[in-house]
Every structure is written in C-alpha cells, then in structure tokens.
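S.K.: Test case, fold it:
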Amino acid sequence: MAMPEDQATQTQPTQLTPPQAASQSQPASPTSAQASAPETDGKAISGLICGIVGLLVFGIILGIMALIFGSMAKVSIKQGEHSGNGIATAAIVLGIIDIIVPAFLL
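M.R.: Numbering: from 1, shown residues only. Model (predicted):
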C-alpha cells in the first residue's frame, strides 16, 4: 500500500525539549591562585635554551649567556614578578657546564 506523494514528503514536527538544568550551570570561577599566577620569566627560558644549545655546539659564549640570563631571571623571580625558579637554576647549571667542559677538552 503506497502512500500518496504529498503525505510521504511531509514530516512530523519534532518536539524540542528544554535544556536540562545541569547543562545550564555556570562554570566555576577561577580561584585567586589561578587568576594571579605569574608567568614564567622569559630570561629563564632564554638562558635554558642558550645552555642546551651550548652543550650541543660546545659554546663558551652561549654558556656565558646562559649564566647571565639565569642570574637575571633569579633576581626577577625573587622580586615576585615572575615564576620559573627551576628553569633559571637549570640555565645557570648548564651555563657552568658549557664553560667548564670545553676548557677541559682543550
């Protein structure tokens, strides 16, 4: 038994249900620790990069730069302006290694 063509093309309107109360809840606001977390110091990151590249190419110059950037970052971090104390320390250590290792290889 075939349906007439105009009945076959008609569709039933779908009933839309209102959104659930759980999906309308507001996201939690960030806590004060999340909102005021300082960013990582760029000098610390620069020092780390100089230290790593200095290891790869035996760069005494890059080692000195890593020491300078790491030390400057430590001062900035102590003043509470930025975070990244571990990165700054790693930059200083890598800078020292970059300076000492080539001196022993010569």
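
S.K.: residue ranges with poor pLDDT in this structure?
M.R.: Scanning the chain for pLDDT under 70 picks out 1-37.

S.K.: If we use 80, what do you get?
M.R.: For the chain, the stretches with pLDDT under 80 are 1-38, 41, 58, 81, 106.

S.K.: where do the helices sit along it?
M.R.: Listed in chain order, the helices of the chain (DSSP state H) span 5-9, 32-35, 42-57, 60-78, 85-105.

S.K.: Could I get those in JSON lines, plus columns for mean neighbour count?
M.R.: For glycine as for every other residue, the C-beta is placed from the backbone atoms N, C-alpha and C. Converted to JSON lines, the helices of the chain look like this (neighbours: other Cβ atoms under 10 Å):
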{"stretch": "helix 5-9", "mean neighbour count": "8"}
{"stretch": "helix 32-35", "mean neighbour count": "8"}
{"stretch": "helix 42-57", "mean neighbour count": "19"}
{"stretch": "helix 60-78", "mean neighbour count": "20"}
{"stretch": "helix 85-105", "mean neighbour count": "17"}
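
S.K.: which residues touch A90?
M.R.: L48, G51, G70 (Cβ atoms under 8 Å, 6 or more residues apart in numbering).

S.K.: Just the closest of the residues you listed to G59, please.
M.R.: Taking Cβ to Cβ as the measure, G59 lies nearest G51 of the contacts of A90, at 9.3 Å.
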